[in-house]
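J.: Build the 3D model from these lines:
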Amino acid sequence: MPVTILDVAKEAGVSKSTVSLVINNSDSVKLETQYKVREAIKKLGYTPNAAARELTTNRSHTLGLIFLTSNNTNNTKRPYSFTSICETLLYDTSNGIYAGLNDTQYSLLVERFSVSETSDAIPELIKNRRLDGIFIIGGLFNSNFIDILKRMNIPFVIIGRQYEGFDSISVDVEEVGYMGAKYLLQQGHKKIAFINGPITSINSQKKITGIQRALQELHIDPSVVDIIHSDSYTGVSGYEALRTLWEQGVRPDAVFGGSDGLTAGANRFLYEQGLRIPDDVSVLGYEDSILAEYASPALTVIDAQKEIMGKEASSVLINRIKKPRSKVVSLTIKPSLIIRDSVRSR
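T.: Below is the predicted model of the structure:
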């Protein structure tokens, strides 16, 4: 016969309700009692019935991860093609989320959701499944999307962008611009091309503010940095942005890319010009993903701390589920500089 919750209660010397509280991670049970119950569960090989637990607790112990992308999810174009946005943000951040959920009973369902759809569109994951909470990865959403989530009364945390009134985890984007520009300037570079994201992006503007702060702090003329905005964060956008500067007669001794995808595109353009990195031109990326370490030479980058953001988001979302009235969390993670092989001192 299968082991029941009554068998566990008898083995641990506690009531059935106490075992239920421990299974559902309640904070109301003493630690020593929790230990006895978990040891009994382990000894007897008890597996909680997920369906029964959901009826008892009104929770599914399932979380959703919605990755917002400007790639069209309905076409056949691969998300890692040169004309698509590399979705390394999803992979790296979700690794942090999985780590954060490692010691919990939560499972995770994932959906890529194209923001090019109509403004009233809702991810299928939200419509068709009962979720205890949602991770929103990416800043490509409008207030209407947030209003829909709010009306559905589903706890959620936003990763990659701050949004007033709701839990959010993001990297300090202004610090990204500051840290990158300061490093290149201190290495003696005199002409820096900064390939930024779309001009309409809030994060793009923050990066510029950071660059300006570095220039002021080091008392360097702003003309040292040429800023060009790309149409998106694809490889081809980085390629075309640098080509535009090149055709204007700009010859940078360093390129600072606003994402790994943009940086990869700039690298391809430099290669086609017969230039060597970092001998002829230094290259600094932002984000840090598989693209950075697989590049030749390996890219020096400003690390967006994606895994850390994911892990912190797990803690925030679980706390929001347990304590719906707790104070809103707006956490900003400081980026870090990772020195590899693509920048040389001038």
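
J.: drop to CA atoms for contacts and neighbour counts, all remaining ones
T.: OK.

J.: any idea how far the closest residue to P155 other than its chain neighbours is from R38?
T.: Using Cα to Cα, 6 or more residues apart in numbering and skipping the chain neighbours, the partner closest in space to P155 is G133 (4.8 Å). As judged by Cα to Cα, to the nearest Å, G133 and R38 stand 26 Å apart.

J.: Looking at these two, which is more packed in?
T.: Taking neighbours as other Cα atoms under 10 Å, G133 and R38 compare with G133 leading, 24 against 18.

J.: Would you mind confirming that the more buried one makes contact with I154?
T.: Yes: here G133 reaches I154: they are 5.7 Å apart, a contact under Cα atoms under 8 Å.

J.: For the protein, give me the ranges with low pLDDT.
T.: 1, 25, 48-60, 71-79, 115-120, 128-129, 139-140 (pLDDT under 70).

J.: Could you pull out the strands in it for me?
T.: 62-69, 107-114, 133-137, 156-159, 168-171, 192-196, 225-229, 254-257, 282-287, 300-303, 330-333, 336-338 (DSSP state E).

J.: could those strands be laid out in TSV, adding distance to T263?
T.: Compiled in TSV, those are given as follows (distance: least, Cα to Cα, whole Å):
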stretch	distance to T263
strand 62-69	19
strand 107-114	23
strand 133-137	21
strand 156-159	22
strand 168-171	19
strand 192-196	8
strand 225-229	13
strand 254-257	5
strand 282-287	6
strand 300-303	10
strand 330-333	22
strand 336-338	15
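
J.: Of all those strands, which one is nearest K207?
T.: strand 192-196 (8.1 Å; Cα to Cα).

J.: who touches that closest one?
T.: The contact list for strand 192-196 (Cα atoms under 8 Å, 6 or more residues apart in numbering) reads 184, 204, 224-230, 238, 241-242, 252-258, 262-263.

J.: Selecting buried members of those residues in PyMOL, what would you type?
T.: Buried subset of the contacts of strand 192-196, written as a PyMOL selection, criterion 16 or more other Cα atoms under 10 Å:
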select buried, resi 184+204+225+227+228+229+230+238+241+242+252+253+254+255+256+257+258+262+263
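
J.: The residue nearest to P155: what's it in contact with?
T.: Here G133 is in contact with T62, L63, G64, I154, P155, F156, L317, I318, I321 (Cα under 8 Å, 6+ apart).

J.: For those residues, pick the one with the most neighbours.
T.: F156 (26 neighbours).

J.: Now that one: closest residue in space, sequence neighbours ignored.
T.: F156's closest residue in space is I134 (Cα to Cα, 6+ apart), at 4.5 Å.

J.: Check G235 too.
T.: G265 (4.1 Å).

J.: Can you tell me how far the one you found is from K191?
T.: 19 Å.

J.: what about the two, which has more around it?
T.: G265 (24 against 18).

J.: Now do the same contact list for that one.
T.: By Cα under 8 Å, 6+ apart, the neighbours of G265 are F82, T234, G235, V236, S237, G238, Y239, E240.

J.: ok, the first one touching V236?
T.: Yes: in this structure F82 lies within contact range of V236 using Cα under 8 Å: 5.8 Å.

J.: between these two, who's got more neighbours?
T.: V236 (24 against 17).

J.: can you map out the helices along the stretch 1-150 of the chain?
T.: 5-12, 16-23, 31-44, 50-57, 88-100, 124-128, 143-151 (DSSP state H, counting those that start in this stretch).

J.: Which one of these lies nearest to M309?
T.: That would be helix 88-100 among those, by Cα to Cα, at 6.7 Å.

J.: Run the angle between the closest one and strand 62-69 for me.
T.: Relative orientation of helix 88-100 versus strand 62-69 (axes from the mean of the first three to the mean of the last three Cα atoms, to 10 degrees): 160 degrees.

J.: Just the buried residues of helix 88-100, please?
T.: In helix 88-100, counting by 16+ other Cα under 10 Å, buried: T88, L89, L90, D92, T93, S94, N95, G96, I97, Y98, A99, G100.

J.: Grab the nearest non-local neighbour of the second one.
T.: Nearest in space to L89, with sequence neighbours left out and distances taken as Cα to Cα, 6+ apart, is K306 at 7.1 Å.

J.: Next, count neighbours for the one you found.
T.: 29.

J.: contacting residues around it?
T.: For K306, the contact set (Cα under 8 Å, 6+ apart) comprises L89, D92, T93, G96.

J.: Just put those in JSON lines and tack on distance to D280.
T.: Shown next, in JSON lines, are these (distance: Cα to Cα, whole Å):
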{"residue": "L89", "distance to D280": "30"}
{"residue": "D92", "distance to D280": "31"}
{"residue": "T93", "distance to D280": "34"}
{"residue": "G96", "distance to D280": "37"}
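
J.: Would you confirm that A181 contacts A214?
T.: Yes: in this structure, A181 is within contact of A214 by Cα under 8 Å, at 6.3 Å.
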